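Novice: Any chance you can model this:
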Amino acid sequence: MSIQPGCQFASDNTAGICPEAMSAMMESNQDSAKPYGEDSWTQRAIALIREIFEVDCDVFFTFNGTAANALALSAMCQSHHGVLAHRWSHVETDECGAPEFFCNGSKILLVPGENGRVDGEHVKEVAESRTDVHFPKAKALSITQSTEVGTVYDLDMLQGIQDSVRRCNLSFHMDGARFANAIATLDVAPSEVTWKRGVDVLCLGGTKNGMAVGDCVVFFNRELGQEFEYRCKQAGQLASKMRFLSAPWVGLLTDNVWLRNAQHANAMAQKLATGLKQIGVRIAAPVESNAVFANLSSEQTTAMRKLGWIFYEFDGIGTPRLMCSWKTTSTEIDAFLSDCKRTLLTDH
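Specialist: Here you go, the predicted structure:
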């Protein structure tokens, strides 16, 4: 194989900037522009997001997903409130307490569910398990689309969750760091899995879809977004040269580049999963987006790393996680599978 082992499957964050996002950012650098989001690039990006979601929503750009999630939840909750989320969710396990910090102490309340998905039947159970003044009042539900284990909420699942949210009078937040991958799988209009299913706020991911940096917070419930610009400024998320955050969105969203990037990443994950199964490796979670959880033995994992491959274990499932991106190639997958097959033979 001509490909050298490396970090190709460690994360979709390891991929570089896709050409369209880079081109838009370079074009935005040709002339001076008004600061703090008053530039034409930011206005074009907002218009494209509104067009894609088919609704007049409010949009705010942030440097990363942790800030987007934490600030979005802070707009939905006060310090005495609780946020319902899956036990494997990013807001629970990977944001260093940022949601609690920016919410001034709101507590994460864990909801069970298989394969990383919140079970709508359990939302009401958790939300109403304690209603006394000695326990945080359930105020919001946060789900991840696609989830931390690469699964996707389909329309029926989202409808069930929407019903539970309404019954419990909760606000509905969606962490969409890999939202594009979910849309690529579901093949539906983005509106069908967001505001039409009761989602109040979406944190839309750009970094993992081909941008250098940046996510955005989309308020479908515009009342929740009142004065959100002040939260962004206070948290250090108001970019003075905002066009360098927003211009890549123009490149990504024009002509459905964002969707093609996700479709490619998903297709590569399917190819990788199929190849692993053909050589006898069990796949530990349904492959519905761009993540593959491969049940490699500890000996095989060590051997693959000695060959130079970089990937991480996921604590929830307890197996290596292999991520594909807009830039993953068939050659890289073939090289990984070839080395994996050799380690299997050695292991046996």
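
Novice: was I right about residue 14 contacting residue 311?
Specialist: No - look at residue 14 against residue 311 with Cβ atoms under 8 Å: they stay out of range, at 10.3 Å. From N, CA and C alone the C-beta is placed, and that goes for glycine too.

Novice: so what's residue 5 scoring on pLDDT?
Specialist: The predicted structure scores residue 5 at 80 on the pLDDT scale.

Novice: For residue 308, see how far away it is.
Specialist: 3 Å (Cβ to Cβ, to the nearest Å).

Novice: Looking at these two, which has the bigger crowd around it?
Specialist: Between residue 5 and residue 308, counted using other Cβ atoms under 10 Å, the more crowded position is residue 5 (18 against 11).

Novice: ok, that one - contacts?
Specialist: 307, 308, 309, 310, 335, 336, 339 (Cβ atoms under 8 Å, 6 or more residues apart in numbering).

Novice: and it, helix, strand or coil?
Specialist: coil (DSSP: H, G, I helix; E, B strand; the rest coil).

Novice: and residue 27, what does it touch?
Specialist: Contacts of residue 27 by Cβ under 8 Å, 6+ apart are residue 247.

Novice: For it, what is the enclosing helix or strand?
Specialist: Under the criterion of DSSP states H and E, residue 27 resides in helix 19-28.

Novice: what about residue 59, helix or strand, and which?
Specialist: Going by DSSP H and E, residue 59 is part of strand 58-62.

Novice: just residue 321 next, same as before
Specialist: Per DSSP H and E: strand 319-323 holds residue 321.

Novice: Tell me the strands beside that strand, with direction?
Specialist: Applying DSSP bridges to the sheet, strand 319-323 is found paired with strand 291-293 (antiparallel), strand 312-314 (antiparallel).

Novice: Show me the contact partners of it.
Specialist: Contacts for strand 319-323 (Cβ under 8 Å, 6+ apart): 9-12, 269, 272, 284, 290-296, 301, 311-314, 336.

Novice: The strand holding residue 59 pairs with which strands, parallel or anti?
Specialist: Strand 58-62 pairs in its sheet with strand 215-219 (antiparallel), by DSSP bridges.

Novice: For the nearest residue to residue 224 once chain neighbours are set aside, which residues are in contact?
Specialist: Nearest non-adjacent residue to residue 224, counting by Cβ to Cβ, 6 or more residues apart in numbering: residue 75, 5.2 Å away. With contacts defined as Cβ under 8 Å, 6+ apart, the neighbours of residue 75 are 201, 219, 224, 225, 228, 231.

Novice: Where strands are concerned, which of these count?
Specialist: 201, 219 (DSSP state E).

Novice: Let's see if you can find the most crowded of the contacts of residue 75.
Specialist: Busiest of the contacts of residue 75 [other Cβ under 10 Å] is residue 201, holding 31 neighbours.

Novice: list the contacts for that residue?
Specialist: Residue 201 makes contact with 72, 75-76, 171-174, 217-221, 224-225, according to Cβ under 8 Å, 6+ apart.

Novice: picking up where we left off before, give me the pLDDT value at the residue nearest to residue 224.
Specialist: Reported pLDDT for residue 75: 98.

Novice: So it lies in a strand, does it not?
Specialist: No - counting by three-state DSSP, residue 75 falls outside a strand, being helix.

Novice: Which positions within stretch 336-346 qualify as buried?
Specialist: Neighbour counts over stretch 336-346 (16 or more other Cβ atoms under 10 Å) mark 336, 337, 339, 340, 341, 343, 344 as buried.

Novice: Could you list the low-pLDDT ranges of this protein?
Specialist: 1-2, 345-348 (pLDDT under 70).
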